[in-house]
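Visitor: my questions concern the predicted model and sequence given below.
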Amino acid sequence: MKPGLYYDDFPVGARFTSAEIAVSAEDIKRFAGEFDPQPFHLDEETAKATFFGGLAGSGWHTAALTMRLVVKSLPVSWGAIGAGVDELKWPNALRPGDTIHIESEVLEARVLKSRPDTGLVRMRVTTLNQRGEPVQVMIPNMLVPVRA
């Protein structure tokens, strides 16, 4: 049996908290330059005149950082395998200097009828900045092995 988490480690109501990741202006610009090259992600001066009023991280950058935190804080024995996302929101922008972490809560858990060796775990994963403000909220469904 591989080390890591299994279906029975995810009872409804279980909560998990991750370590933190610090985000710099350079991190935001580097990600945006490759994946989301919009002015409010790339240039502080230009960003001041936009909706965001300053440099803001891409929602996809926030999602990628969140995935890193999920993998590190929820080490499922066969890896973090997604089975869809029911909700994905960015209520506040990721900003230079933010330090983020995730707080996860198991909302539902069931063993698949078609695959009794696999559980489906539905969670709320909230990515918070250092002020406790959510920068992302998602409700993913994860496939998790049932302990033999």
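Guide: Now that the structure is in, tell me what you want to look at. Residues are numbered from 1 along each chain as shown.
Visitor: show me where the protein has its helices.
Guide: 25-35, 39-42, 44-48, 59-73 (DSSP state H).
Visitor: point out where the chain drops to low pLDDT.
Guide: Along the chain, segments meeting pLDDT under 70 span 1.
Visitor: closest to the centroid, which residue in the protein?
Guide: Thr66 (2.7 Å; CA atoms, centre = their mean).
Visitor: what's the spacing between that one and Ser18?
Guide: Noted for Thr66: a distance of 9 Å to Ser18, by CB to CB, to the nearest Å. From N, CA and C alone the C-beta is placed, and that goes for glycine too.
Visitor: mutual contacts of the two, please.
Guide: Taking CB atoms under 8 Å, 6 or more residues apart in numbering as the contact rule, the neighbours common to Thr66 and Ser18 are Ile102.
Visitor: OK, contacts around the residue nearest to the residue nearest to the centre of the chain when sequence neighbours are not counted?
Guide: Distances taken as CB to CB, 6 or more residues apart in numbering place Thr127 nearest to Thr66, at 4.8 Å, with adjacent residues excluded. Shown in contact with Thr127 (CB under 8 Å, 6+ apart): 62, 65-66, 69, 100-102, 134-137.
Visitor: dump those residues to a markdown table, plus distance to Gly33.
Guide: Formatted as a markdown table, the contacts of Thr127 follow (distance: CB to CB, whole Å):
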| residue | distance to Gly33 |
| --- | --- |
| Thr62 | 16 |
| Leu65 | 16 |
| Thr66 | 20 |
| Leu69 | 23 |
| Ile100 | 20 |
| His101 | 25 |
| Ile102 | 25 |
| Pro134 | 26 |
| Val135 | 20 |
| Gln136 | 21 |
| Val137 | 26 |
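Visitor: quick check, nearest of those to Gly4?
Guide: Nearest to Gly4 out of the contacts of Thr127 is Leu69 (CB to CB; 16.0 Å).
Visitor: correct me, but that closest one touches Thr99?
Guide: No. The pair Leu69 / Thr99 is not scored as a contact, 11.7 Å apart, by CB atoms under 8 Å.
Visitor: the more surrounded of these two?
Guide: Leu69 (22 against 12; other CB atoms under 10 Å).
Visitor: check contacts around the more buried one.
Guide: Leu69 touches 18-19, 21, 100-102, 127, counting by CB under 8 Å, 6+ apart.
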